[in-house]
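Colleague: This is a predicted model, with the sequence first.
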Amino acid sequence: MRIRATLAAATVSGALALAAFAVPAAQATDGTGLAQAHKLAQQASGHQSGMQARSLTAAESGDPYELNATFSNIKVNSSKSAIVVGTTNAVHVSYSFTFTHGSDADPTADDFVSGIDIYRNTDDGNFLFGDAPATCTAASSTVANCKGSIDIHPQEELTNADAGAHWTGEAFATAYNGQDPSDPNIDWSKVGTAYQDAVSSNALQRYSKLTVNASPEPVKKGGTLTITGALTRANWDTHKYAGYTAQPVKLQFRKSSSSSYPTTYLKTVTSSSTGSLKTTYTATYSGYWRYNFLGTSTTPAVKATGDYVAVQ
């Protein structure tokens, strides 16, 4: 079972810090191994922001060395910022990068672990990793093309506080070079790492739903239509959908003879304390009625499927 990835505030350093992150060799390429490889690369780089308890003292005997390597051509979520997540299904966020390296790294080796994660830019920031490391294919003796996914499991990893545009991507790589990370006598000086922060900027959004119903159907020309609906979104605390309250939602109409809705809106309706919507409008033409929510930083835009009403 995956768990929310946060770290305690204790500060550790040197080989003691690295030993604390060790996992059995058999787990080196699962989610736990990814988190460990990330910590090794991040701490060895001296990176300080975003996650607590991840600094090393000045280089000590037995500390990992810095790989002669760089990350480039990085794409996360096809370079789109918003990542939309519902209440149940895992969301797989693709990424790719080019790894340029010296002779001290073999990105295709079984004990080479690399990937991209995203972390929340707060003191108690959450971290989201993939279920497996990146898969790297050699393009030449010094260049590998790597790809993978960040696998988000909302019921185990997210709370409502995680929603919003405050997530940063970071790339990491750890070459164990035959060293077993679970061995208490491991020679850390033979383990190489590479790290690059701020490779993407992302927003996690709570999946939204929007409905509409116009009645009566049919309606006499000049009669009054009542248009109801509901705006709901994923609640990552309860793992259910709940009303999105006090939000402006646009009412739109298109004639039967038209294939698109006008860019102007008939009126704005504010969602109730339960997310419900209700308004009235005079019926003049047969056509389709819908609500249109334009979205917020925590919730994506969504359009209801148009409801057809014939005017007689």
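Modeller: Structure received.

Colleague: Please make it C-alpha for all contacts and neighbour counts, starting now.
Modeller: Noted.

Colleague: For stretch 70-82, what does the pLDDT average out to?
Modeller: Taken as a whole, stretch 70-82 carries a mean pLDDT of 98.

Colleague: actually stretch 209-226, sorry about that
Modeller: In this model, stretch 209-226 carries a mean pLDDT of 98.

Colleague: Low-confidence stretches in this protein?
Modeller: Residues of the chain meeting the criterion pLDDT under 70: 1-32, 47-61, 123-124.

Colleague: at 50 instead, please
Modeller: Residue ranges of the chain with pLDDT under 50: 1, 7-27, 48-61.

Colleague: Show me the longest helix that occurs in it.
Modeller: Looking across the chain with DSSP state H, the single longest helix is helix 31-45.

Colleague: quick one, what contacts the residue nearest to Gly222 when sequence neighbours are not counted?
Modeller: In this structure, Gly222 finds its nearest non-sequential neighbour in Ala283, 5.3 Å apart by Cα to Cα, 6 or more residues apart in numbering. Going by Cα atoms under 8 Å, 6 or more residues apart in numbering, Ala283 touches 219-225, 311.

Colleague: what's Ala283 sitting at in phi/psi?
Modeller: Main-chain dihedrals, Ala283, degrees, to the nearest 10: phi -90, psi 130.

Colleague: Relative to Lys220, how far out is it?
Modeller: For Ala283, the distance to Lys220 equals 7 Å [Cα to Cα, to the nearest Å].

Colleague: what is in contact with the two at once?
Modeller: In contact with both Ala283 and Lys220: Val311, using Cα under 8 Å, 6+ apart.

Colleague: buried ones in the lengthiest strand in the chain?
Modeller: Scanning the chain for the strand with the most residues, using DSSP state E, yields strand 192-206. Burial within strand 192-206, assessed by neighbour count using 16 or more other Cα atoms under 10 Å, is assigned to 192-197, 199-206.

Colleague: One more: stretch 287-301?
Modeller: By neighbour count on 16+ other Cα under 10 Å, the buried set for stretch 287-301 is 287-293, 298-300.
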